[in-house]
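Novice: I need the structure of the sequence given here:
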Amino acid sequence: MSLVSGLLFGAGLALGGMTDPGKVVAFLDVTGAWDPSLAFVMGSALLVTFPVFAWVRRSARPLFAERFQLPTRRDLDPQLLLGAALFGIGWGIAGLCPGPAIANLGAGSPEILLFVATMVAGMWLRDRTAAITG
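Specialist: The predicted model follows:
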């Protein structure tokens, strides 16, 4: 199921234009040459997500697992806020976030390979510093 879900997600990203960094940057440029077309992609995702989450909340257990693994924390800590800010800045600069970057790996572009390598290095560094600082 994970492979099928990942392939479907990647295909949706590619079909919707989310794997094109130029298109993403144009969507984020609301004061310049704004391209609102990705809002329809995101809106379509919400149309699918909301009913599924409503079903999840009413279900006793998932179809292919013993239990649901939903987040329980409700607070906003500084690490979460800093991470969200860095994610947004990186997305705005590069026009890519992790999902589309991984979907783009098949193109073999040196820029995409560098982006994913630095993304993985950043994840490793974060885990390493979190282990050291506790």
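Novice: Report the contact partners of the residue sitting nearest the centre point of the chain.
Specialist: The centroid of the chain falls nearest to Gly99 when counting by Cα atoms, centre = their mean (4.9 Å). By Cβ atoms under 8 Å, 6 or more residues apart in numbering, Gly99 lies in contact with 9-10, 13, 18. For the C-beta atoms, the positions are set from N, CA and C on the backbone; glycine is no exception.
Novice: confidence score at Gly134?
Specialist: Model confidence at Gly134, given as pLDDT, is 61.
Novice: if we can go back for a sec, report the buried members of the contacts of Gly99.
Specialist: Buried members of the contacts of Gly99, counted by 16 or more other Cβ atoms under 10 Å: 10, 13, 18.
Novice: which one is the last one nearest to, not counting chain neighbours?
Specialist: The spatially closest residue to Met18, leaving aside those adjacent along the chain, is Pro100, at 4.9 Å (Cβ to Cβ, 6 or more residues apart in numbering).
Novice: before we move on, back to that, what's the residue nearest to the centre of the chain sitting at in phi/psi?
Specialist: phi -60, psi -60 (degrees, to the nearest 10).
Novice: swap in Ser59?
Specialist: Dihedral angles (degrees, to the nearest 10) for Ser59: phi -80, psi 150.
Novice: how near is it to Met18?
Specialist: Remark: distance between Ser59 and Met18 (Cβ to Cβ, to the nearest Å) = 29 Å.
Novice: Give me the buried stretch members for the lengthiest helix in the chain, please.
Specialist: Ranked by residue count and defined by DSSP state H, the top helix of the chain is helix 110-133. Residues of helix 110-133 classed as buried by neighbour count (16+ other Cβ under 10 Å): 112, 115-116, 119.
Novice: So which other helices or strands are in contact with that helix?
Specialist: Helices and strands touching helix 110-133, by 3 or more Cβ pairs under 8 Å, 6 or more residues apart in numbering; DSSP states H and E, are helix 98-103.
Novice: Please identify the buried residues of the helix it packs on?
Specialist: Buried-residue list, helix 98-103, by 16+ other Cβ under 10 Å: 100-103.
Novice: With stretch 22-32 instead?
Specialist: Buried-residue list, stretch 22-32, by 16+ other Cβ under 10 Å: 23-28.
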